[in-house]
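# got a sequence here, can you build the structure:
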Amino acid sequence: METALKPVGGIESSPPVRGGVRGGGSIDKHSPPQHSLHLIGNRSLASSDIDVAPRGRPNLPSGRGGKIKIALVHDFLVKIGGAEKVTGAISELFPEAPIYTLLYHPRVGALFPQRKIIVSYLQLWQKFLHLPTKFLLPFMALAIESFDFTGYDLVISSNHSFAGGIITSPETVHISYCHSPTRYLWDAFHTYINEQRLNGLGKRILYGLLHQLRIWDKLSSGRVQKYIAISQYVKNRIRKYYRQDSAIIYPPVDTDKIKPAATHSDYFLIVSRLTPYKKIDLAIAACNTLRLPLVIIGTGEDEARLKKLAGFSIDFLGWQNDANKIKYLQNCRAVIFPGEEDFGIVPVEAMAAGRPVIAYRKGGTLETIQEGVTGMFFDQPTAASLTQTLQKFLQQENNFVVDKITQQAEKFNKSRFQAELIKLITNELKACGKL
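Down below sits the predicted model:
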């Protein structure tokens, strides 16, 4: 069951229907709207040929039967984070394609202006039963499978949990931009359960639920025709858990909006959701020890605990809009990135602002940070290891050159991402005989 949303995010009063997108006041579950972008002119593309539209975006050519009918899928559109911004960059390429998602919040609407958003029946459950999202977890696999993509030529899922599990027809090409195989089902399984602080019975129930979801996740991974990983780190995890190969396209960072400032202040900066696995407590402990000023932007379930750990030199600013966040990035001494991430957009944003990054030596940051040029690494996930690296940074920070830092960030700009994505999609559609 699906519910179409108005572009501004409100749920329509029309009754939910199975399979179909609202268009001009009517619903046809058999013939989805013609959602496409195609090149100016009527010609075919060579595999390396990308035409650029006047606004700088590469486009798809026309299909053999006319327009390519496209839909997008994202797990949840309830907050604006790195994954949601990636979906926003993808949606810019296909401005008429509807976006299917399990749950939606209007605050995300700014990323998708005038876009048709289609939500699952879980949206109504949450609205009327006032259920926290985590209590909907047992039903999410069923809900994602309820979406009907009959008639679409191409479905692109932006996936870190359930979106890759959609069911499509044999004629539909499903490309999954995979932010990560679901961490709490795989490598972070035991850590996630321990963080819930459940009693013995609660743990057993959660073990059983996640076990069943892990089986579903593995089985449904075979429904994807082409995987795209956000980093080599994620590519390795897709191979290990799904036994699937994948291409690599690094996520987009809007470097055009982030430029270096003429001067900077003396505070260190963290921009992050405040959850245990982000390891913000390591940075707090290190800055407490060295009495260094630390500014923390973000909110989350771990906020109360972290505030109790923080000394006098540490400030929590809560949520900040993009404009304020950029100002803090431009004016910080350096960004601290203490967690293990699959890619890490914040370090690249920091580099776009010309600021060095101090990060844990594991995960996607090994592919974005040039040690000694754009930042430094600490080797162990401990406060002592981070403290040692901060001391080293204080001695060597004058060695970092703004121009070299920003040059590295430009390798991850949005236009590069969109061009690489269109090229891959074009090749995949050609291989399937749709172009």
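
# straight-line length of stretch 309-319, end to end?
In stretch 309-319, first residue to last residue: 19 Å (C-alpha to C-alpha, to the nearest Å).

# buried stuff in that stretch?
Across stretch 309-319, burial judged by 16 or more other C-beta atoms under 10 Å covers 310, 313-314, 316. Using the backbone N, CA and C atoms, a C-beta is placed for each residue, glycine as well.

# contacts for it?
By C-beta atoms under 8 Å, 6 or more residues apart in numbering, the surrounding residues in contact with stretch 309-319 are 281, 284-285, 287-288, 291-299, 303, 306-307, 328.

# and these, which are buried?
Applying 16+ other C-beta under 10 Å to the contacts of stretch 309-319 flags 281, 284-285, 287-288, 292-299, 303, 306, 328 as buried.

# wait, which of those residues is closest to G200?
If you rank these by distance to G200 using C-beta to C-beta, D281 comes first, at 26.8 Å.

# and that closest one, that's in a strand?
No. Remark: D281 does not belong to a strand; assigned using DSSP: H, G, I helix; E, B strand; the rest coil, it is helix.

# does it touch K308 like I think?
No. In this structure D281 lies outside contact range of K308 using C-beta atoms under 8 Å: 10.2 Å.

# the stretch 151-300 of the chain: strands as residue ranges?
154-159, 173-178, 226-229, 246-248, 268-271, 294-297 (DSSP state E, counting those that start in this stretch).

# ok, and which of those strands has the densest surroundings?
With neighbours defined as mean count of other C-beta atoms under 10 Å, the strands of the stretch 151-300 of the chain peak in mean count at strand 154-159, which reaches a mean of 26.

# related to what we said a few turns ago, farthest pair within the buried residues of stretch 309-319?
Pairwise over the buried residues of stretch 309-319, using C-beta to C-beta, the maximum falls at S313 and F316, 12.1 Å.

# what about K218, how many residues nearby?
15 (other C-beta atoms under 10 Å).

# for it, what are its contacts?
When contacts are counted by C-beta under 8 Å, 6+ apart, K218 touches 241-242.

# next one, pLDDT for it please.
Listed pLDDT for K218 reads 97.

# before we move on, back to that, which of the buried ones among the contacts of stretch 309-319 sits closest to L122?
Within these, the smallest distance to L122 is 23.3 Å, found for T299 (C-beta to C-beta).

# ok, back up a step: ok, the buried residues of stretch 309-319 vs H160, which is closest?
F316 (26.2 Å).

# in a strand, that closest one, correct?
Yes. According to three-state DSSP, the state of F316 is that of a strand.

# and it, what are its bridge partners?
I296 (DSSP bridges).

# give the contact list for A350.
Residues in contact with A350 (C-beta under 8 Å, 6+ apart) are 269, 329, 332, 334-335, 356-357.

# quick check, nearest of those residues to V78?
For these, the residue nearest V78 by C-beta to C-beta is L329; the value is 24.4 Å.

# what sits closest to that closest one if chain neighbours are left out?
Excluding the flanking residues, the one nearest L329 by C-beta to C-beta, 6 or more residues apart in numbering is A353, at 4.3 Å.

# the one you found is in contact with R333, isn't it?
No. If you go by C-beta under 8 Å, A353 and R333 don't touch, sitting 11.8 Å apart.

# what is the nearest of the buried residues of stretch 309-319 to T172?
The shortest approach to T172 among the buried residues of stretch 309-319 belongs to F316, at 46.1 Å (C-beta to C-beta).

# buried set for stretch 354-367?
Neighbour-count burial for stretch 354-367, counted by 16+ other C-beta under 10 Å, picks out 354-361, 363-366.

# stretch 140-150 too?
For stretch 140-150, using 16+ other C-beta under 10 Å, the buried residues are 140-141, 143-149.

# using PDB, write down the CA coordinates of that stretch.
C-alpha atoms of stretch 140-150 as PDB (Å, rounded to 0.1, in the frame of the first residue of the first chain):
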ATOM      1  CA  MET A 140       9.900  -2.600   7.100                       C
ATOM      2  CA  ALA A 141      10.900  -5.500   4.800                       C
ATOM      3  CA  LEU A 142       7.200  -6.200   4.000                       C
ATOM      4  CA  ALA A 143       6.500  -2.500   3.500                       C
ATOM      5  CA  ILE A 144       9.400  -2.000   1.000                       C
ATOM      6  CA  GLU A 145       8.200  -5.000  -0.900                       C
ATOM      7  CA  SER A 146       4.600  -3.500  -1.100                       C
ATOM      8  CA  PHE A 147       5.800  -0.800  -3.600                       C
ATOM      9  CA  ASP A 148       4.700  -1.600  -7.200                       C
ATOM     10  CA  PHE A 149       7.200  -0.700  -9.900                       C
ATOM     11  CA  THR A 150       5.300  -2.300 -12.800                       C
END
